[in-house]
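Trainee: Fold the following.
(one chain, ligands or ions: 1)
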Amino acid sequence: MKRVVVVGGGVAGLGAAYRVMRARQAGHDVDVVLVEQAGRLGGKLATDIVPDPDGGSYVVDGGSDAFVSTKPAVRRIARMLGIEDDIVPARDENKRTLIVKGSRLVELPDGIMMFAPTKLLPLATTSLYSWPGKLRMALDLVLPRKERWAPGETAKDHDETLESFVVRRMGREALDRVAEPLVGGVHASDPSVMSLAATFPEFLEMEQKHGSLIRGFLEQRKAREAMRARQPARPGQKPWSFFNTFVRGMQTLPDAMGSAIGAGRMLLGRRVVEIGRSADGWRVTLDDGETLEADAVVLAVEAFSGAALASGVDARVAELVGQTPCSSSVTVPLAFREEDCPFDQRWHGILVPLVEKRPLLAVTLSSSKWPDRAPAGRVLMRGFIGGPRNQHLTDASDEDLIETARKEIVGLLGMPDGARPVFASVYRWVGGMPQYTLGHLDRVEEVEERVATIAGFAMAGSAFRGVGIPNCIESGERAAEKVLRDLGFTHEEQRESGPPR
Ligand SMILES: Cc1cc2nc3c(=O)[nH]c(=O)nc-3n(C[C@H](O)[C@H](O)[C@H](O)COP(=O)(O)OP(=O)(O)OC[C@H]3O[C@@H](n4cnc5c(N)ncnc54)[C@H](O)[C@@H]3O)c2cc1C
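Mentor: Numbers count the residues shown, from 1 in each chain. Take a look at the predicted model:
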């Protein structure tokens with residue numbers, strides 16, 4: 001019997017362990033052990049069900065709160081696990097985004113796709129941008145491409161930061177007002193160092209193909225509208241949304257994956273401190289000194305942790321992985337009484353541009369974005385604090401973080417000054433988000449090339465090719481398949497796969 005040890009119980013590690021289990025169930029003589037330093041599975045997926053003193057309960061996602069429909073991995077795994085019916089789409093009837101401008105909230109104009117306007121009237125009438133700013137955005141229609149790519153070249157050969165790209169095509173206001181908080185925000189990234197090729201290569205490709213982002217996004221919007229017109233919702237069919245979650249929160253997914261793998265195969269609350277070679281495989285050392293013998297190891301941890309553990313395997317891999325900076329953030333869920341919330345609740349989120357110099361990064365109105373997140377008469381929100389340029393804020397005490405989020409939210413939404421949350425908590429994500437800086441893809445390629453030559457070893461997770469949950473699951477599955485092949489097992493699975501992003 002061959003044994004695979006997976007380090008890390010986030011979705012990447014679970015994706016790897018569950019993949020090994022499927023090979024085992026298909027008759028291969030292999031087993032798996034998953035080691036996770038926390039006392040629970042899920043990593044950046046963490047749901048708590050919190051009772052309200054007056055009855056009912058909140059479904060509180062402290063980390064990820066959604067997965068996208070366009071990448072199939074989550075739905076595919078949910079189907080295998082029998083939890084597909086627990087998937088719920090976002091409440092798109094409330095889907096509006098508000099942007100902080102001074103002390104006001106301005107709605108993101110209709111037709112803005114990522115950061116490019118595709119509808120004239122909403123752009124003309126919004127107070128989000130100045131008139132010079134709007135005219136500068138329109139220049140995108142006539143500005144020539146920066147350069148023509150030679151045949152065979154890709155976005156990676158012409159990488160650029162989000163900041164330089166958006167400012168070049170559409171001007172500073174387009175960056176400061178929307179691209180930075182919306183596009184940079186997905187990766188909690190500093191736009192001045194964020195690699196477009198590693199995060200949104202489609203923007204660079206669009207410039208090549210259409211010569212203009214406005215034209216490119218316009219075409220994309222029309223294609224989507226045409227597709228929806230061709231495929232109207234069938235009666236009884238769940239409404240489609242770009243964003244989805246589970247009825248009882250995102251934790252449903254790691255919990256179900258953990259159950260399918262089996263509690264007996266999990267070592268929770270145990271930290272791996274070293275990985276090294278043994279006479280005929282690998283030796284994985286835990287923080288209490290216990291060692292696990294393994295025929296193969298999958299390392300599915302954060303970049304900083306992966307760099308430390310990979311040093312016992314390949315110094316160059318450790319060095320390269322260690323070059324991925326990670327930014328910290330804090331999520332502060334807060335529930336208020338309905339009577340303290342005299343504002344229109346038809347929105348999903350507030351974005352706070354960095355130029356506003358506020359401690360808050362964003363707010364999600366969970367009880368409007370999702371069904372059944374809060375008891376009747378309560379409003380559930382999540383404030384985000386931190387990010388790459390405000391790392392120091394995440395060191396504050398829980399009390400200070402809650403008060404910061406409360407004060408900001410109360411002020412922005414015009415709630416009574418004294419409005420106190422019925423419930424509040426703090427989730428800290430130290431080094432929680434890897435930053436894909438310029439050169440990221442080159443580093444990842446070199447890591448992949450080196451790891452490919454190390455039999456019985458693989459790496460997975462958000463540090464490599466995509467931070468989204470579906471990407472991380474697939475990276476775990478690919479890592480498991482690599483070590484299964486190294487061990488001589490050839491268990492193929494047919495599956496549709498999303499773009500590696
Ligand atoms: C606040 C926040 C909100 C997000 N929102 C979304 C969202 O809505 N949608 C989305 O798609 N993505 C979102 N993301 C990104 C996404 O959640 C993550 O990129 C993804 O879950 C990472 O999965 P992973 O398995 O690669 O890593 P992780 O979830 O980080 O798991 C790694 C695990 O390894 C464990 N570990 C580390 N070192 C050791 C060790 N030495 N020994 C044992 N265990 C170890 C850690 O404890 C951790 O559990 C969000 C991220 C954050 C931080």
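Trainee: Check residue 39 and give its pLDDT.
Mentor: What the model reports as pLDDT for residue 39 is 97.
Trainee: How much space separates residue 41 from the ligand?
Mentor: 8 Å (CB to the nearest ligand atom, to the nearest Å). In this view, the C-beta of every residue, glycine as well, is placed from N, C-alpha and C.
Trainee: Dihedrals phi and psi, that residue?
Mentor: phi -90, psi 160 (degrees, to the nearest 10).
Trainee: what's the longest strand in the protein?
Mentor: strand 326-337 (DSSP state E).
Trainee: right, is the next helix or strand along the chain from it up against the ligand?
Mentor: Where DSSP states H and E defines the elements, the next helix or strand beyond strand 326-337 is strand 349-351. No: using CB under 6 Å from any ligand atom, strand 349-351 never reaches the ligand; the gap is at least 11.0 Å.
Trainee: What residue in the stretch 101-250 of the chain comes nearest to the ligand?
Mentor: Residue of the stretch 101-250 of the chain nearest the ligand, by CB to the nearest ligand atom: residue 188 (7.1 Å).
Trainee: Give me the distance between that residue and residue 73.
Mentor: Distance, residue 188 to residue 73, using CB to CB, to the nearest Å: 22 Å.
Trainee: Likewise for residue 153?
Mentor: Residue 153 is 29 Å from residue 73, where distance means CB to CB.
Trainee: what about those two, which has more around it?
Mentor: Neighbours were counted for residue 153 and for residue 73 using other CB atoms under 10 Å; residue 73 has more, 24 against 12.
Trainee: That one contacts residue 470, correct?
Mentor: Yes: the pair residue 73 and residue 470 passes the contact test of CB atoms under 8 Å, sitting 3.8 Å apart.
Trainee: In contact with the residue of the stretch 101-250 of the chain closest to the ligand, which residues?
Mentor: Counting by CB atoms under 8 Å, 6 or more residues apart in numbering, residue 188 touches 327, 329, 361, 386, 387, 388, 432, 433, 435.
Trainee: Just checking the longest strand of the chain against the ligand, any contact.
Mentor: Yes: shown here: strand 326-337 in contact with the ligand (CB under 6 Å from any ligand atom) through 329, 331.
Trainee: tell me the secondary structure for residue 220?
Mentor: Here residue 220 is recorded as helix under DSSP: H, G, I helix; E, B strand; the rest coil.
Trainee: Not counting its neighbours along the chain, what's nearest it?
Mentor: residue 113 (6.8 Å; CB to CB, 6 or more residues apart in numbering).
Trainee: Touching, that neighbour and residue 217? I think so.
Mentor: Yes: taking contacts as CB under 8 Å, residue 113 lies within contact range of residue 217: 4.1 Å.
Trainee: neighbour count winner among those two?
Mentor: Between residue 113 and residue 217, counting by other CB under 10 Å, residue 217 is the more crowded of the two (23 against 16).
Trainee: roughly how far out does stretch 261-268 sit from the chain middle?
Mentor: The chain centre lies 25 Å from the centre of stretch 261-268; the measure is CA atoms, centre = their mean, to the nearest Å.
Trainee: okay, now the closest residue to residue 348 other than its chain neighbours: neighbour count?
Mentor: Of all residues not flanking residue 348 in the chain, residue 369 sits nearest, at 4.3 Å (CB to CB, 6+ apart). Residue 369: 24 surrounding residues under other CB under 10 Å.
Trainee: Quick check, pLDDT for residue 369.
Mentor: Value listed for residue 369 in the pLDDT field: 97.
Trainee: Surely it touches residue 93?
Mentor: No: contact criterion CB under 8 Å: residue 369 and residue 93 do not qualify, at 10.8 Å.
Trainee: how near is the residue of the chain positioned farthest from its centre to residue 218?
Mentor: In the chain, the residue that sits farthest from the middle, by CA atoms, centre = their mean, is residue 279; the gap is 39.1 Å. Relative to residue 218, residue 279 is positioned 62 Å away (CB to CB).
Trainee: Repeat that for residue 275.
Mentor: Distance, residue 275 to residue 218, by CB to CB: 50 Å.
Trainee: So between the two, which is more surrounded?
Mentor: Ranked by neighbour count (other CB under 10 Å), residue 275 and residue 218 place residue 275 first, with 22 against 19.
Trainee: Roughly how far does that one sit from residue 466?
Mentor: Distance from residue 275 to residue 466, by CB to CB: 24 Å.
Trainee: Spell out which parts of this protein neighbour the ligand.
Mentor: Within the chain, the positions near the ligand by CB under 6 Å from any ligand atom are 7-13, 35-38, 43-45, 63-67, 271-272, 300-302, 305, 329, 331, 429, 432-433, 461-462, 467-469, 472.
Trainee: Check which helix or strand the residue lying closest to residue 461 once chain neighbours are set aside maps to.
Mentor: Counting by CB to CB, 6+ apart, residue 461 lies nearest to residue 12, which is 3.9 Å off, once chain neighbours are set aside. Following DSSP H and E, the helix or strand that holds residue 12 is helix 11-25.
Trainee: Okay, buried residues for that helix please.
Mentor: 11-24 (16 or more other CB atoms under 10 Å).
Trainee: in this structure, what secondary structure element scores lowest on mean pLDDT?
Mentor: None of the helices or strands of the chain scores lower by mean pLDDT, DSSP states H and E than helix 185-186, at a mean of 82.
Trainee: Distance from the chain centre to the next helix or strand after it, please.
Mentor: Moving toward the C-terminus from helix 185-186, the next helix or strand (DSSP H and E) is helix 196-199. Distance of helix 196-199 from its chain centroid, counting by CA atoms, centre = their mean, is 14 Å.
Trainee: Mind giving me the packing neighbours of the helix or strand just after helix 196-199?
Mentor: Downstream of helix 196-199, the next assigned helix or strand under DSSP H and E is helix 201-210. Secondary-structure packing of helix 201-210 (3 or more CB pairs under 8 Å, 6 or more residues apart in numbering; DSSP states H and E): helix 162-170, helix 196-199, helix 213-230.
Trainee: Dump those into JSON lines; add mean pLDDT as well.
Mentor: Below are those laid out as JSON lines (pLDDT from 0 to 100):
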{"stretch": "helix 162-170", "mean pLDDT": "97"}
{"stretch": "helix 196-199", "mean pLDDT": "96"}
{"stretch": "helix 213-230", "mean pLDDT": "89"}
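Trainee: Could you say which of the ones you listed is packed most deeply?
Mentor: Of all the helices and strands packed on helix 201-210, helix 196-199 carries the top mean neighbour count, a mean of 24, counting by mean count of other CB atoms under 10 Å.
Trainee: who's in contact with the residue of the stretch 151-300 of the chain found nearest the ligand?
Mentor: Closest approach between the stretch 151-300 of the chain and the ligand, counting by CB to the nearest ligand atom: residue 272, at 3.8 Å. The contact partners of residue 272, taken as CB under 8 Å, 6+ apart, are 7, 35, 37, 284, 285, 286, 287, 309.
Trainee: Fine by me, we can end here.
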